[in-house]
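Peer 1: Model the following, please.
(one chain, ligands or ions: 1)
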Amino acid sequence: MVRTQFESLVYYQFKSLLQQDLIHGVFTRHGGVSPDPWHSLNLGGTVGDAPDKVAENRRRLFSALDRPVSSVFDAWQVHSANVVIADGPRNDRPHTKGDIILTDDPGVTLLMRFADCVPILLYDPRRRAIGIAHAGWLGTVRRAAEFAVQAMVQNFQSDPADIMAGLGPSIGPDHYTVGEEVVEQIEASFGRDASRHVERRNGKTYLDLWSANRALLQKQGVVQIEVAQICSACHINDWYSHRSEGGKTGRFGAAIAVSE
Ligand SMILES: [Zn+2]
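Peer 2: All right, here's what the predicted structure looks like:
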């Protein structure tokens with residue numbers, strides 16, 4: 001990914017998506033107004049931070065992307081594989097529960113929040129359709145990445161070979177220890193391929209969310225996949241990490257929009 005600065009905000013962009021007719025960014029925690037433990041660009045509205053601080057952070061994020069805040073469509077993220085189609089900005093409508101949002105409306109900016117879970121950005125330059133998905137271990141077990149691609153095919157007639165995908169900063173295989181109950185669910189979901197994404201060393205078990213989600217995309221025919229390889233738990237100066245910070249932290253934002 002490429003590091004970009006706008007005023008005091010710092011965000012990262014996928015190299016593969018930069019040359020496209022697309023606006024996107026995965027925002028570090030720098031440049032916001034929230035105090036510890038959310039310091040500082042917290043986008044999470046349900047983590048104890050003050051709503052006015054979160055609103056100001058959101059305003060700054062949209063300003064950095066030169067998009068109106070009113071264009072936002074976000075969801076109530078529940079670690080599911082539910083797909084939400086954004087047929088316009090969300091406006092005053094209540095959040096729908098879902099962890100995949102898709103649109104082909106250039107007037108919409110898709111926004112999601114993360115702290116260790118994998119941000120998955122999707123772009124079909126032929127159909128000019130975009131998607132964003134949120135996949136922690138449960139979203140990975142539920143195969144959110146797979147449902148995202150299938151929904152782009154169904155809703156926008158996308159050819160998976162055209163779809164460009166980016167897997168953003170999230171907890172890496174070096175840090176993500178999981179219990180046996182998680183391994184069992186990964187095995188049930190991935191079958192014999194599960195062993196590719198689970199590593200046992202020094203008496204601990206590590207889950208590789210990056211390889212697992214890349215595999216889900218590849219199985220659907222997506223070939224253009226850029227993996228940031230940035231571990232949120234390793235870099236808590238830049239990213240929020242639920243695991244590294246004991247659950248007391250904020251959420252960083254990832255946003256994507258088709259250029260008008
Ligand atoms: Zn790490």
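Peer 1: next SSE after the helix ranked longest in the chain?
Peer 2: Counting by DSSP state H, the longest helix found in the chain is helix 51-65. Along the chain past helix 51-65, the next helix or strand (assigned with DSSP states H and E) turns out to be strand 72-73.
Peer 1: quick one: average pLDDT of that following strand?
Peer 2: On average, the pLDDT along strand 72-73 is 98.
Peer 1: ok, now stretch 173-193?
Peer 2: In this model, stretch 173-193 has a mean pLDDT of 98.
Peer 1: Any idea how far apart the tips of that stretch sit?
Peer 2: Terminal residues of stretch 173-193 lie 16 Å apart, using C-alpha to C-alpha, to the nearest Å.
Peer 1: Do any residues in it lie close to the ion?
Peer 2: Yes: counting by C-beta under 5 Å from the ion, the ion has neighbours in stretch 173-193: 174-175. All C-beta spots, glycine's among them, are computed from the backbone N, C-alpha and C.
Peer 1: Stretch 115-130 too?
Peer 2: No: counting by C-beta under 5 Å from the ion, the ion has no neighbours in stretch 115-130; the shortest distance is 10.0 Å.
Peer 1: Okay, now the sheet partners of the helix or strand harbouring Val10, with direction.
Peer 2: For Val10, the host element (DSSP H and E) is strand 9-13. Based on DSSP bridges, the strands next to strand 9-13 in the sheet, each with its direction, are strand 2-6 (antiparallel), strand 22-27 (antiparallel).
Peer 1: chain center to that strand: distance?
Peer 2: In terms of C-alpha atoms, centre = their mean, to the nearest Å, the centre of strand 9-13 is found 14 Å from the chain centre.
Peer 1: cool, stretch 173-180 as well?
Peer 2: Taking C-alpha atoms, centre = their mean, one finds stretch 173-180 lying 19 Å from the centre of the chain it belongs to.
Peer 1: just the strands in the stretch 1-150 of the chain please.
Peer 2: Assigned by DSSP state E, counting those that start in this stretch, the strands in the stretch 1-150 of the chain fall at 2-6, 9-13, 22-27, 72-73, 83-85, 100-103, 109-114, 118-124, 129-135.
Peer 1: and if you look at the stretch 151-260 of the chain?
Peer 2: Residue ranges of the strands in the stretch 151-260 of the chain, as given by DSSP E, counting those that start in this stretch, are 164-167, 198-201, 204-207, 224-227, 252-258.
Peer 1: circling back to that earlier point, which one of the strands paired with strand 9-13 is the most hemmed in?
Peer 2: A comparison of the strands paired with strand 9-13 by mean neighbour count, using mean count of other C-beta atoms under 10 Å, puts strand 22-27 on top with a mean of 24.
Peer 1: Could you figure out how far that strand is turned away from strand 252-258?
Peer 2: Per axes from the mean of the first three to the mean of the last three C-alpha atoms, to 10 degrees, the angle that strand 22-27 makes with strand 252-258 is 180 degrees.
Peer 1: Quick one: mean pLDDT over strand 22-27.
Peer 2: The average pLDDT within strand 22-27 is 98.
Peer 1: likewise stretch 233-250?
Peer 2: Stretch 233-250 comes out with an average pLDDT of 97.
Peer 1: Need the distance between the two termini of it.
Peer 2: Taking C-alpha to C-alpha, the first and last residues of stretch 233-250 lie 13 Å apart.
Peer 1: So for Arg196, what pLDDT did the model give?
Peer 2: In the predicted model, Arg196 carries a pLDDT score of 98.
Peer 1: All set, thanks.
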